[in-house]
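In: sequence? don't have it. structure:
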């Protein structure tokens, strides 16, 4: 039980990160494979949808940040989206290079890219966005 309590935020991040990744991959796949929207545009739309979901779940459930004070919320939204924009840009570059340039399998590259992004996003959220004051 102590172990669960100690790693609660990490476990919840992995659970909600899994849902975020699933949302990202499903939206991307629907747009790319079903709607025949370009790789890059499908990736951007999937990113926007998944980042909105991630902000809400990270704030409320993972890091249990219940403050809705305007200045604090503005800081969190700003830093969250800037961090996610950076990792989203990395995702976009990886997908462009490996799918459009190297012709690797799109869904496989999407999964690999998401693993890298999840790790980077966890540390950005924990250390920058929702950091606890001591």
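Out: Looks like it arrived, so ask away. Fair warning: this is a prediction, and the values are worked out from it, not measured in the lab.
In: so which elements touch the lengthiest helix in the chain?
Out: Determined from DSSP state H, the single longest helix within the chain is helix 70-95. Where contact means 3 or more Cβ pairs under 8 Å, 6 or more residues apart in numbering; DSSP states H and E, helix 70-95 is packed against helix 39-57, helix 106-124. All C-beta atoms are positioned from the backbone trio N, CA, C, and that covers glycine.
In: tell me the angle that helix makes with helix 106-124.
Out: With axes from the mean of the first three to the mean of the last three Cα atoms, to 10 degrees applied, the angle from helix 70-95 to helix 106-124 works out at 150 degrees.
In: next one: helix 70-95 to chain centre, how far?
Out: 9 Å (Cα atoms, centre = their mean, to the nearest Å).
In: I'd say residue 109 and residue 98 touch.
Out: Yes: counting by Cβ atoms under 8 Å, residue 98 is a contact partner of residue 109 at 4.5 Å.
In: what about the longest helix of the chain, average pLDDT?
Out: For helix 70-95, mean pLDDT rounds to 92.
In: next one: stretch 47-55
Out: 91.
In: contact partners of it?
Out: Contact with stretch 47-55 is made by 16-17, 19-21, 23-24, 27, 76-77, 80-81, 84, 88, 91-92, 121, as judged by Cβ atoms under 8 Å, 6 or more residues apart in numbering.
In: 10 Å instead?
Out: Among residues not part of stretch 47-55, those counted as contacts by Cβ atoms under 10 Å, 6 or more residues apart in numbering are 13, 16-17, 19-28, 31, 62, 76-77, 80-81, 83-85, 87-89, 91-92, 114, 117-118, 121, 125, 129.
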